[in-house]
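*Asks:* One predicted model, sequence on top.
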Amino acid sequence: MTHAAQERLQVRVPLLLLSATAWILLLAQPSGIAMPMHHMAAMPGATRPVSHDMAPPHSSPASLALGWALMLAAMMLPLLNAPVRHVRARSFTQRRTRAIMLFIMGYATIWMVAGVVLLALSVVIQLIPLQSSLFVAPVAFTALVWQCSPVKQRCLNQGHVHPEMAAFGVAADLGALRFGFTHAVWCVGSCWALMLLPLLVSRGHLAVMAAVALWLAAERLERPLTPRWRLRGAGKAARIAIAQARMRAQLAT
């Protein structure tokens, strides 16, 4: 194994292990991030949620914050491979762990603030006196429109930008923290509509999370493009999967 490959594994493996741990915790407690009204949405014939004072204990703000943090760790940590490698490569050995932690702290701070907005929006949507399937459809359509929009492409393009970073002192710490903030802002801009979908689904919530996480990972493989209206898919990921399948088939014959 080459030195470059070892360097990549030193970043990828911890991120994947932390993500896997978050998925295991979510699987062990699948209702941990359920929205306050999800239990009503799952009831046959339910058309409106119960009042907040009748919500189950796990719908407290602390539980929702913890659930959102686990959701972020499960879905977003694998997407941080490239920026974390950038921070690691531009930090001296004795500062690497500190710089990476500051980057992740800044990244998580922005996403936790975004979570307050998305969770509140999901509650408002679920207060609409409709069947759950009827309010999920407009959100899915909104996510599709955003997926095709030039603003989405701008956010994706900015996500590929890795700034120069100072090597010493407070400037290095602030640089890592600032990079975490800015990378998260563009990530939120790119992902917010897709991240809203799992919050509106009670049955199959983790399956929707997994599908969205795979889609987000696949679109990160695409190179930056000129912002314009286009249907964005997982073309590169599909081509890689097909190429890998052909190689394995040839080796097997």
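*Replies:* Structure's in. What do you need? Numbers count the residues shown, from 1 in each chain.
*Asks:* gap between residue 248 and residue 7?
*Replies:* Counting by Cβ to Cβ, to the nearest Å, the separation of residue 248 from residue 7 is 26 Å. From N, CA and C alone the C-beta is placed, and that goes for glycine too.
*Asks:* The two: which is more packed in?
*Replies:* residue 7 (13 against 10; other Cβ atoms under 10 Å).
*Asks:* so what does the helix or strand encompassing residue 120 touch, helix or strand wise?
*Replies:* Secondary structure assignment for residue 120, by DSSP states H and E: helix 96-126. On a contact count with 3 or more Cβ pairs under 8 Å, 6 or more residues apart in numbering; DSSP states H and E, helix 96-126 meets helix 61-76, helix 81-89, helix 132-148, helix 169-199.
*Asks:* between that helix and helix 81-89, how many degrees?
*Replies:* 150 degrees (axes from the mean of the first three to the mean of the last three Cα atoms, to 10 degrees).
*Asks:* tell me which residues in helix 96-126 are buried?
*Replies:* Residues 96, 99-100, 102-104, 106-108, 110-111, 114-115, 118-119, 122-123, 125-126 are the ones in helix 96-126 that count as buried (16 or more other Cβ atoms under 10 Å).
*Asks:* what's the span of stretch 82-95, first residue to last?
*Replies:* 18 Å (Cα to Cα, to the nearest Å).
*Asks:* contacting residues around it?
*Replies:* Under the contact criterion Cβ atoms under 8 Å, 6 or more residues apart in numbering, stretch 82-95 has outside partners 7-8, 10-11, 15, 96, 98-100, 103-104, 160, 162, 164-165, 167, 172, 176, 179, 183, 220.
*Asks:* Now the spatially most central residue of the chain: closest residue in space, sequence neighbours ignored.
*Replies:* Nearest to the mean C-alpha position of the chain, by Cα atoms, centre = their mean, lies residue 76 at 3.7 Å. With Cβ to Cβ, 6 or more residues apart in numbering as the criterion, residue 76 has its nearest non-adjacent residue at 6.9 Å, and that residue is residue 111.
*Asks:* Identify the residues contacting the one you found.
*Replies:* 72, 76, 184, 187-188.
*Asks:* measure it to residue 73 for me?
*Replies:* 10 Å.
*Asks:* thinking again about what came up before, run the angle between the helix holding residue 120 and helix 132-148 for me.
*Replies:* 130 degrees.
*Asks:* Give the full set of residues in contact with the residue nearest to the centre of the chain.
*Replies:* 107, 111, 187, 216.
*Asks:* measure it to residue 143 for me?
*Replies:* Residue 76 is 17 Å from residue 143, by Cβ to Cβ.
*Asks:* Do I have it right that residue 234 meets residue 216?
*Replies:* No: Residue 234 sits out of contact with residue 216 when judged by Cβ atoms under 8 Å, with a separation of 9.8 Å.
*Asks:* I'd like the average pLDDT over whatever helix or strand residue 6 lives in.
*Replies:* Using DSSP H and E, the element containing residue 6 is helix 3-28. For helix 3-28, mean pLDDT is 92.
*Asks:* quick one: buried residues of it?
*Replies:* Buried-residue list, helix 3-28, by 16+ other Cβ under 10 Å: 11, 15, 18-19, 22-23, 25-26.
*Asks:* and what of stretch 143-154?
*Replies:* 143, 146-147, 149, 152-154.
*Asks:* Any idea how far stretch 230-244 is from the middle of the chain?
*Replies:* 19 Å (Cα atoms, centre = their mean, to the nearest Å).
*Asks:* Only the buried residues of that stretch, if you could.
*Replies:* Within stretch 230-244, the residues that count as buried by 16+ other Cβ under 10 Å are 232, 234, 237.
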